[in-house]
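Engineer: Build me a model:
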Amino acid sequence: MRIRRKSEVEQKQRFSPLLWGAGLCAAAILALGVNGTLSQFVASITNTNNNVQTGGPGSFGFSESLVIGGTPETPACAQAGASQSLNCTTINKYGTDGAAAAPIAPGQSRTTTVQLTNTATGTGALAGTLALTVAPCTQNVPVGTTNPATGAAAGDLCGAVQVMISCSSTPAFSVGPVTLAALATGSPYAIMTAIPPGDSVDCTFTTTLPATQSAANLQALLTSQPMTWTWTQS
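Structural biologist: Presented below is the predicted three-dimensional model:
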């Protein structure tokens, strides 16, 4: 029987771990190759045409025009597009046909009609809802203070003058007659929903100073009451 020398045993013990490790590495590389994780089988598809588009500047907006004899005046008093807040300074809704304020006597009335039009055009034109917000009424001489024109305590013109609003909406809208003060208290008013592009609504304002106010010391007073039309996408 052959007796191994100590040196031979030591050499085998020394090389066995190295061979074992090399074998494991080879097996791992082979497994990666079979499973495709070394990227030799990779495919991709990229979508390059994913877009979102909004309508142009003409796709949303409305205008307000004074109506005389059933015909809207051109150009419009104001035409507002998306995010715009404009002023219409030439139409007095408490005057006659939008005219500036003139002395009104007890028992008299004034009438003004305006037309609100959906001006949206083109592809993607949008419908909108129309609402009216009325600010509080003020007068140039505070109630109860001495009116320089008469030397007596001023009356309450905001609480005396009455207004009625009628709109050709669907369904028809109307409010009043109510005082200018009460008109503000009840606002905002929803006039119409879903007005299509190109369609319009006429609103008539009838303002009256009742004859019963003849002794209320309302001489030489002037009221102010801003109104705001709001157009919202529906």
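Engineer: show me what contacts the residue nearest to S166 when sequence neighbours are not counted?
Structural biologist: Nearest residue to S166 in three dimensions, chain neighbours excluded: S174, at 4.6 Å (CB to CB, 6 or more residues apart in numbering). For the C-beta atoms, the positions are set from N, CA and C on the backbone; glycine is no exception. Residues in contact with S174 (CB atoms under 8 Å, 6 or more residues apart in numbering) are M164, I165, S166, C167.
Engineer: for the second one, phi and psi?
Structural biologist: I take that to be I165. The phi/psi pair for I165 (degrees, to the nearest 10) reads phi -120, psi 130.
Engineer: Now do the same contact list for it.
Structural biologist: So I165 contacts L132, F173, S174, V175, G176, L183, Y189, C203, T204, F205, T206 (CB under 8 Å, 6+ apart).
Engineer: Pull out the buried residues from the strand or helix carrying the residue nearest to S166.
Structural biologist: If you go by DSSP states H and E, S174 is part of strand 173-179. By neighbour count with 16 or more other CB atoms under 10 Å, strand 173-179 contains the buried residues F173, V175, G176, P177, T179.
Engineer: List the pairing partners of it within its sheet, with orientation.
Structural biologist: Using DSSP bridges, strand 173-179 pairs in its sheet with strand 162-167 (antiparallel).
Engineer: pLDDT on the strand it pairs with, on average?
Structural biologist: Averaged across strand 162-167, pLDDT comes to 98.
Engineer: which one among the contacts of S174 gets closest to A102?
Structural biologist: Nearest to A102 among those, counting by CB to CB, is M164 at 19.4 Å.
Engineer: Surely that closest one is in contact with T206?
Structural biologist: Yes - judged on CB atoms under 8 Å, M164 makes contact with T206 at a distance of 4.7 Å.
Engineer: Name the residues contacting each of those two.
Structural biologist: Contact criterion CB under 8 Å, 6+ apart; residues shared by M164 and T206: G176, P177.
Engineer: Which helix or which strand is home to the residue nearest to K93 when sequence neighbours are not counted?
Structural biologist: Using CB to CB, 6+ apart and skipping residues adjacent in sequence, the residue nearest K93 is F205, 4.3 Å away. Per DSSP H and E: F205 is located in strand 200-208.
Engineer: Each with direction, which strands does that strand pair with?
Structural biologist: strand 109-118 (antiparallel), strand 162-167 (antiparallel).
Engineer: quick check: mean pLDDT across the helix or strand following that strand?
Structural biologist: Using DSSP H and E, the helix or strand that follows strand 200-208 towards the C-terminus is strand 223-224. Summarised as a single mean, pLDDT over strand 223-224 is 97.
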